[in-house]
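Chemist: Sequence and predicted structure, then a few things I'm wondering about:
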Amino acid sequence: MAQADYVYLNGDLVEAENAVVSVYDHGFLYGAGVFETFRAYNRRLFLFDAHMDRLFSGLWELGIRLQMNREQLREAVLRTLAANGLQDAYIRLSVTAGVAGLGLSAEDYTRPTVLVMAKEVPRFPDAMYEKGKRLLTVSIHRNTPEGHTRHKSHNFLNQVLAKRELGEQAEAEGLMLTREGYVAEGIVSNIFLIQSGRLFTPTLATGILPGVTRAFVLRLAGELEIPAEERDFRREALFAADEVFLTNSIQEIVPVCEVDGVTIGEGKRGPLTQRLQQAYRQHVQTDS
């Protein structure tokens, strides 16, 4: 799929092929930056405020003092969509520490780099939402958070190594465990299981990303009166589950048909997963 023609970079719309950041940017040198990926549905930015809450939390802990507020960031995203003629889009908004020279800094960063990129959302096959994906355990463990909590930072090497191990398998997602053997998350997704009508997802103590879609699904479970709990469990709990599904902001809610060769439930989307998918899609149509 072709990439977009324009990106937003520090207040300007720039041709993507000409957009550059400094080699002295601490986002490049040390991974000092955070980003959010989210979707636009007909130019409506879904769960935008929740994504900005997480973004600003990460910026605060990293000492990156962004002078733009969330409405200015929203306008930057909308400008990027308009420049590329996009209505439904995959969006990545990145804020890095900016130029600060060689060497780690204990001072706050006051000149951050702001980058917005967007592209057309790929057409996901209907089978992915009906039959689902395979989940394959990778040997790379989920690292503990870099700070007090894990942020969606530019330090992505844990996932890069896990993805290299999994390889290019569009119909599969990698399952990452903690060093103690507890289920953590997928390479780019959070994990849920359903057992006897109850919904479970690993706690943040496992080092997982506090996913925006994860939190939204927990909210949906409350709306649908599905008992839900954050609780740590081992891989064997997935084998015994009635249903398992994955969440992320781009693919939404994706059922899991098997884990490491073990069929989950009937090997296709279960009834509670389907109810949550339907509720999610209803919110997409009505929420901004």
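Modeler: Thanks, I have it.
Chemist: Can you tell me the centre-most residue of this protein?
Modeler: Closest residue to the average C-alpha location of the chain: Asn248 at 5.0 Å, with C-alpha atoms, centre = their mean.
Chemist: Please tell me I have it right and that residue contacts Phe216.
Modeler: No. The pair Asn248 / Phe216 is not scored as a contact, 11.1 Å apart, by C-beta atoms under 8 Å. C-beta here means a position set from N, CA and C on the backbone, and glycine is covered the same way.
Chemist: For the residue nearest to the centre of the chain, which non-adjacent residue is spatially closest?
Modeler: Among residues not flanking Asn248 along the chain, Ser189 sits closest, at 4.6 Å (C-beta to C-beta, 6 or more residues apart in numbering).
Chemist: confidence score at the one you found?
Modeler: Listed pLDDT for Ser189 reads 98.
Chemist: so who does it touch?
Modeler: Residues counted as contacts of Ser189 (C-beta atoms under 8 Å, 6 or more residues apart in numbering) are 173, 211, 246-248, 251, 254.
Chemist: Dihedrals phi and psi, it?
Modeler: Here is the backbone geometry of Ser189 (degrees, to the nearest 10): phi -160, psi 160.
Chemist: Tell me the spacing between it and Ser249.
Modeler: Taking C-beta to C-beta, to the nearest Å as the measure, Ser189 falls 10 Å from Ser249.
Chemist: Need the overlap of contacts for those two.
Modeler: Common neighbours of Ser189 and Ser249, using C-beta under 8 Å, 6+ apart, are Gly211.
Chemist: and Val188, what does it touch?
Modeler: With contacts taken as C-beta under 8 Å, 6+ apart, Val188 has the following neighbours: 159, 173, 248.
Chemist: okay if I get these as TSV plus pLDDT and secondary structure?
Modeler: Compiled in TSV, those are given as follows (pLDDT from 0 to 100; DSSP: H, G, I helix; E, B strand; the rest coil):
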residue	pLDDT	secondary structure
Gln159	94	helix
Glu173	97	strand
Asn248	97	strand
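Chemist: which one among the residues you listed gets closest to Val259?
Modeler: Minimum separation from Val259 among those (C-beta to C-beta) is found for Glu173, which lies at 10.1 Å.
Chemist: contacting residues around the closest one?
Modeler: Counting by C-beta under 8 Å, 6+ apart, Glu173 touches 133-136, 166, 186-189, 246, 254, 256.
Chemist: Likewise for Thr273?
Modeler: For Thr273, the residues meeting the contact criterion (C-beta under 8 Å, 6+ apart) are 194, 243, 245, 253, 255.
Chemist: Three-state assignment for it, please.
Modeler: Secondary structure state of Thr273, per DSSP: H, G, I helix; E, B strand; the rest coil, is helix.
Chemist: Report the separation between it and Ala16.
Modeler: Going from Thr273 to Ala16 by C-beta to C-beta gives 37 Å.
Chemist: What about the contacts of Glu173, which are in strands?
Modeler: Counted as lying in strands by DSSP state E, out of the contacts of Glu173, are 133-136, 186, 246, 254, 256.
Chemist: From these, pick the one nearest Ala40.
Modeler: Nearest to Ala40 among those: Val254, at 19.6 Å, using C-beta to C-beta.
Chemist: wait, isn't the closest one in contact with Glu130?
Modeler: No. In terms of C-beta under 8 Å, Val254 does not count as a neighbour of Glu130; the distance is 10.1 Å.
Chemist: Between those two, point out the one with more neighbours.
Modeler: Val254 (21 against 13; other C-beta atoms under 10 Å).
Chemist: So Phe35 sits against His154, correct?
Modeler: Yes. Contact status for Phe35 versus His154: in contact at 6.8 Å, counting by C-beta under 8 Å.
Chemist: who touches both of these two?
Modeler: Jointly contacting Phe35 and His154 under the rule C-beta under 8 Å, 6+ apart are Ser94.
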